[in-house]
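> Sequence first, predicted model second:
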Amino acid sequence: MLNLGMCTNPPRVASIPKFRHLKEPDARTEFLEQDDYDKLRQHASELWLRALLATYYAFGFRKSELLKLRVRQVNLLDGTINLPAGATKNGRVRTVVMTNEVAVLLTALVQGKAGGDAVFTRADGTSVKDFRDAWKAMFAAAGVEQRRCHDLRRSAIRNAIRRGVDRDTAKRMSGHITDNVFSRYNIQALDDMRDAAQKIEAGAARATAAAAASQKGQTATKTATATGAQAGEPRLQ
């Protein structure tokens, strides 16, 4: 508001005061691991819930982006999900290529529907708006500690990074603009730290082995050169 006031002609405010930023709360650290996801998908009682779970876990979409998803945004020909500017939090267009699992489930969901119909609908055709009871029942049936929907968004981002997706592509997939916010989602868990330690150790071992091999090769070359020189020297009678 103050910045807008400064931009008017003449300016409506004389100066912009400095505001102390409040400390941001620590980011949540809960994730859904792959083995727990595999259990959950076996206990998703309805097709819409199974598809919702799969899309959440694969791409980290926001809850509102999924529940407002329309059939015309799912392109089965090129295998993409398209979010127009008005459907995303940051107002930017976003397109992702569906995994095989998501494509199969969404194809089944959109069959027989018009372009403006909701993708996620119950068996009676009504749009899914509140699924807390079904979500809770799915976790209970699978014997998995319940996670929030947003925990799956965080899990999708971490999975993408761990599985080799570059940072910029992962940001475009999840809809993050700034590195600061993205980094709060891409939390390094203890397993990641163990993996990092193993990679560091493996790299050190390779470097040591390479250095030893190089040294061995140099020694062998020197020995061969010395032996050849000795063999070519005239012998004293």
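Received it, and whenever you're ready, just let me know what you need.
> Tell me how many other residues surround Phe61.
25 (other Cβ atoms under 10 Å). Placement of C-beta: from N, CA and C, glycine included.
> swap that for Tyr57, please
Tyr57 has 21 nearby residues by other Cβ under 10 Å.
> residue contacts, it?
Residues in contact with Tyr57 (Cβ atoms under 8 Å, 6 or more residues apart in numbering) are 32, 37, 152, 155-156, 159.
> Let's verify it: helix, strand, or coil?
helix (DSSP: H, G, I helix; E, B strand; the rest coil).
> how much space is there between it and His150?
Between Tyr57 and His150 the computed distance is 12 Å (Cβ to Cβ, to the nearest Å).
> And the helices in the chain?
Listed in chain order, the helices of the chain (DSSP state H) span 2-7, 34-41, 47-59, 63-67, 100-110, 132-142, 149-162, 167-174, 179-185, 190-232.
> for this structure, which spans come out with low pLDDT?
Scanning the chain for pLDDT under 70 picks out the ranges 22-29, 85-92, 174-197, 199-200, 220-237.
> Centroid-nearest residue for it?
Ile157 (1.9 Å; Cα atoms, centre = their mean).
> correct me, but that one touches Phe59?
No: Ile157 lies out of contact with Phe59 (Cβ atoms under 8 Å); the separation is 9.4 Å.
> and Phe31, how many neighbours?
Neighbours around Phe31, by other Cβ under 10 Å: 19.
> Please apply the same query to Phe139.
Neighbour tally, Phe139, other Cβ under 10 Å: 17.
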